[in-house]
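Novice: I would like to see how this sequence folds:
(one chain, ligands or ions: 1)
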Amino acid sequence: MSNFTISQRTCISLFFILSAASSIAEPNRVEFPKNIDSLIHYTTVNRGDITEHMLTSKEALNAIEQGQEMPNGTQVILADYRDNEIYRYFVMQKGANWGDDYPTYRQTADWQFQWYWPDGSINVNENTERCQSCHQSRDNANYMFTYSDLKAYIERRRED
Ligand code: HEC
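Specialist: Sure thing, here's the model as predicted:
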């Protein structure tokens with residue numbers, strides 16, 4: 001290294017810092033949910049010791065009921081509980097033209113995905129492309145795996 005100039009060395013360090021950063025934490029436009037208590041818990045999925053509460057907003061439910069798109073700003077949340085304690089939140093959120101942030105191959109229309117710890121920090125080891133690549137298969141259901149449960153919830157609510 002002794003023959004390297006300062007600027008070469010800086011460049012090399014920057015390269016390693018940037019390449020490490022691109023493979024880990026991936027902040028995007030998704031926000032940590034602030035209003036969990038006002039959201040609707042529309043279904044629960046149990047996976048062994050894990051209990052997943054699925055939540056979204058009243059506005060999103062009303063839009064679907066009226067045959068409209070879920071509005072921009074909608075969040076759908078998977079609240080992952082272990083031993084009755086919140087462990088993490090998986091959040092998908094929709095915004096106008098948010099799909100444009102990504103190359104076409106990884107887009108999930110205007111939905112973006114994020115993994116939060118309960119203190120609001122994001123999982124620094126997650127690359128949210130993985131979330132998108134799995135949820136892409138649900139392109140006919142708002143990119144959701146529990147869309148039919150959401151519609152069933154709306155039906156039950158209508159009958160009450
Ligand atoms: C290998 C496939 C796969 C990957 C990767 C994945 N998910 Fe999911 N996701 C699912 C399935 C399946 C469900 C339905 C719940 C269940 O079966 O546990 C789900 C449910 C959800 C839900 C509730 C709404 C819905 O689709 O039903 C959210 C929100 C969510 N995931 C966000 C994320 C986020 C954020 C990531 C990345 C950190 C992620 N998912 C990665 C398969 C995946």
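Novice: contacting residues around Thr42?
Specialist: No, residue 42 isn't Thr; it's Tyr. Met54, Leu55, Thr56, Leu61, Thr146, Asp149, Leu150, Tyr153 (C-beta atoms under 8 Å, 6 or more residues apart in numbering). Where C-beta positions appear, they are placed from N, C-alpha and C, glycine not excepted.
Novice: is the second one located within a strand, as I assumed?
Specialist: Yes. The assignment for Leu55 (DSSP: H, G, I helix; E, B strand; the rest coil) places it in a strand.
Novice: for burial, what's the neighbour tally of the residue nearest to it when sequence neighbours are not counted?
Specialist: Excluding the flanking residues, the one nearest Leu55 by C-beta to C-beta, 6 or more residues apart in numbering is Leu39, at 4.1 Å. The tally of other residues near Leu39 (other C-beta atoms under 10 Å) stands at 20.
Novice: ok so, going back, could I get the contacts of Tyr42 as TSV with neighbour count and pLDDT?
Specialist: Formatted as TSV, these follow (neighbours: other C-beta atoms under 10 Å; pLDDT from 0 to 100):
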residue	neighbour count	pLDDT
Met54	22	98
Leu55	22	98
Thr56	23	98
Leu61	20	97
Thr146	20	98
Asp149	15	98
Leu150	21	98
Tyr153	19	98
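Novice: show me what the top strand by length along the chain is packed up against.
Specialist: Longest strand in the chain by number of residues (criterion: DSSP state E): strand 85-94. Applying 3 or more C-beta pairs under 8 Å, 6 or more residues apart in numbering; DSSP states H and E, we find strand 85-94 packed against strand 75-82, strand 111-116, helix 129-135.
Novice: mind saving the C-alpha coords of the shortest one as PDB?
Specialist: Looking back up the chat, that one is strand 111-116. In PDB, the C-alpha atoms belonging to strand 111-116 read as follows (Å, rounded to 0.1, in the frame of the first residue of the first chain):
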ATOM      1  CA  TRP A 111     -45.600  -1.500  -4.000                       C
ATOM      2  CA  GLN A 112     -42.300  -1.400  -2.000                       C
ATOM      3  CA  PHE A 113     -41.400  -3.800   0.800                       C
ATOM      4  CA  GLN A 114     -39.400  -3.400   4.100                       C
ATOM      5  CA  TRP A 115     -38.500  -5.400   7.200                       C
ATOM      6  CA  TYR A 116     -38.600  -3.500  10.500                       C
END
